[in-house]
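Participant: My questions concern the predicted model and sequence given below.
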Amino acid sequence: MSYYKKPEMILFDVGGTLFDDTKCVPRNGLAKLRLASENPEATDDETLTKLWDGFMKEIGSVHKSESGTKLDFLLSTAIKFVTMQAGLHFDISMAEQEEIFDRYNSDRKVIDGVTDLLEEIHSLGIRAAVISNNAMSGEGLRLAIDRWLPGNKMEFCLTSADILLTKPDKSLFICATNYAHVNPENCWYCGDGKIPDVDGAKNAGITPVLLDTESSLPFEMRTEIGRGEYLTVNSWIVLKAYIKKLWKINFP
């Protein structure tokens, strides 16, 4: 783990890291999905919402592996359960259906400084990708990120629902680094949560960077019992400046 050399690749979380979303209201996403179908007259929004609520009640809210890791099931499973029972037909891909549901079930804004940070790391030759605890498939999440962050140049998106196991388990991180052919020690992970992001990255030998917008310090190297040392910034603009400085040190 090193904060003192330019990383080969930076992996990003999504919620609270790239985007800030309001509370999810499934009915709103389902309503837009119905309108995107070939036969929206086959059902109504109330029926779709009841099917959704019934499915969520049936499967419960928490599923864990034998080791205690929380499991994520694909959003596409819920979408199929609801829309197929309602008799809806689509001429768009499941990834597109996921993106529509995601786009309209809450209000979203891009976190301040994200666009500038992504442009900077690309200009410095640092690779980027996304891994996230997310019910969307990587393909669906890719569509969402491309819509909200055009020109982002992320190499791929991988979600916990793709592999079932969630952060802080190291599996998601190892899948990403092995797929990208990058050593974990040459990779950073940017997120906004101590347990899933800081601990998860450390579990995989990746250098974590925590976004804490409530911090009074723009830049802080924190040390905690049981967690060790990790870098915290209160804005992605701060991280952009730090990485730019590292580039100058490495290549004066």
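Facilitator: Cool, the structure landed.
Participant: those strands in the chain, which residues are they?
Facilitator: With DSSP state E as the criterion, the chain has strands at 9-12, 19-21, 108-110, 127-132, 157-159, 187-191, 207-211, 219-224, 228-233.
Participant: so can I have CSV of these showing mean pLDDT?
Facilitator: Shown next, in CSV, are the strands of the chain (pLDDT from 0 to 100):
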stretch, mean pLDDT
strand 9-12, 98
strand 19-21, 97
strand 108-110, 97
strand 127-132, 98
strand 157-159, 98
strand 187-191, 97
strand 207-211, 97
strand 219-224, 94
strand 228-233, 95
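Participant: Make TSV from the ones you listed and add distance to Ser2 and mean neighbour count to it.
Facilitator: C-betas here are computed from N, CA, C, even on glycine. TSV is the format used below for the strands of the chain (distance: least, Cβ to Cβ, whole Å; neighbours: other Cβ atoms under 10 Å):
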stretch	distance to Ser2	mean neighbour count
strand 9-12	13	25
strand 19-21	28	16
strand 108-110	29	13
strand 127-132	17	24
strand 157-159	24	24
strand 187-191	9	25
strand 207-211	6	23
strand 219-224	12	12
strand 228-233	11	18
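Participant: CSV please, covering those strands and showing distance to Trp52.
Facilitator: Shown next, in CSV, are these (distance: least, Cβ to Cβ, whole Å):
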stretch, distance to Trp52
strand 9-12, 29
strand 19-21, 18
strand 108-110, 20
strand 127-132, 22
strand 157-159, 20
strand 187-191, 28
strand 207-211, 31
strand 219-224, 39
strand 228-233, 38
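Participant: out of those strands, nearest to Gly151?
Facilitator: Nearest of the strands of the chain to Gly151, taken as Cβ to Cβ: strand 127-132 at 11.8 Å.
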